[in-house]
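*Asks:* return a 3D structure for these sequence lines:
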Amino acid sequence: MDGASRTSSPAAVWDALARDLGGSFRARARGLLGSRFSLLDRGGKEWGELRMMGSYAAEVHAGGSVSEIERTGEFGARYRMRTGGAQTLIAGPERPGEPLRIFCGGKAYGAETNVLRNVSVARLLAGGDEVRLSGGLAGRSYGGTFPESDGGALAVAVFLLYRNVAIRRTAF
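*Replies:* Now for the predicted structure:
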């Protein structure tokens, strides 16, 4: 992932990674507890790592930078992702009981999660492209797809991975 390591802005890091990945990635749990996930390209080469820090926070190490994900707000219903200290993504329901909205890269997504099927989908509110994450029954392996060369969509996919893992750890 040479292109990602030479960039400096958070958006440029995600854009370079998205170009290199070509619209998909896999994630595989490391260790018995599944608190770390290797992020892999189609060929199985590791390009990053998701490190769960309980169900309220995580770190993503990728592209020569670190992104932090944290739950905030009342009852932890809102989320924030920062890359290199700059805000990359925010998410949360507009009102209690409403679906999750994700804002990243100047785009707004509506997200749905099916915990039993271990699937999350984020669709652009303006219509068009979607980001999809699906996992195995045990929650130790996942596959993500996103529009090629869209770094914001890749960040959304990695966020969905964090959220699915956190929800499943709490539920099961």
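*Asks:* from G152, how far out is the spatially most central residue of the chain?
*Replies:* Note on the chain: the residue nearest the mean C-alpha position is V158, at 1.6 Å, using C-alpha atoms, centre = their mean. As judged by C-beta to C-beta, to the nearest Å, V158 and G152 stand 11 Å apart. C-beta coordinates here come from the backbone N, C-alpha and C atoms, glycine included.
*Asks:* could you point out which element follows the worst-scoring helix or strand of the chain on mean pLDDT?
*Replies:* Across the helices and strands of the chain, mean confidence by mean pLDDT, DSSP states H and E is lowest for helix 2-5: a mean of 46. Per DSSP states H and E, helix 2-5 leads on to helix 10-21 as the next helix or strand towards the C-terminus.
*Asks:* off-centre distance for that following helix?
*Replies:* Remark: helix 10-21 is offset 13 Å from the chain centroid, using C-alpha atoms, centre = their mean, to the nearest Å.
*Asks:* let me know the angle separating the next helix or strand along the chain from that helix from helix 10-21.
*Replies:* If you walk from helix 10-21 toward the C-terminus, the next helix or strand you reach (DSSP H and E) is strand 24-30. Note on geometry: by axes from the mean of the first three to the mean of the last three C-alpha atoms, to 10 degrees, strand 24-30 and helix 10-21 are set 100 degrees apart in direction.
*Asks:* show me where pLDDT drops low in the protein?
*Replies:* Counting by pLDDT under 70, the chain contains low-confidence ranges at 1-8, 171-172.
*Asks:* buried residues, stretch 65-78. List them.
*Replies:* Neighbour-count burial for stretch 65-78 flags S65, S67, E68, I69, E70, R71 (criterion: 16 or more other C-beta atoms under 10 Å).
*Asks:* can you map out the strands along this protein?
*Replies:* Secondary structure of the chain by DSSP state E: the strands cover 24-30, 36-40, 46-52, 57-62, 65-72, 78-83, 86-93, 100-104, 107-114, 119-124, 130-135, 141-145.
*Asks:* next up, the contacts around L33.
*Replies:* Going by C-beta atoms under 8 Å, 6 or more residues apart in numbering, L33 touches no other residue.
*Asks:* need phi/psi at it.
*Replies:* Backbone dihedrals for L33, given as degrees, to the nearest 10, come out at phi -80, psi -10.
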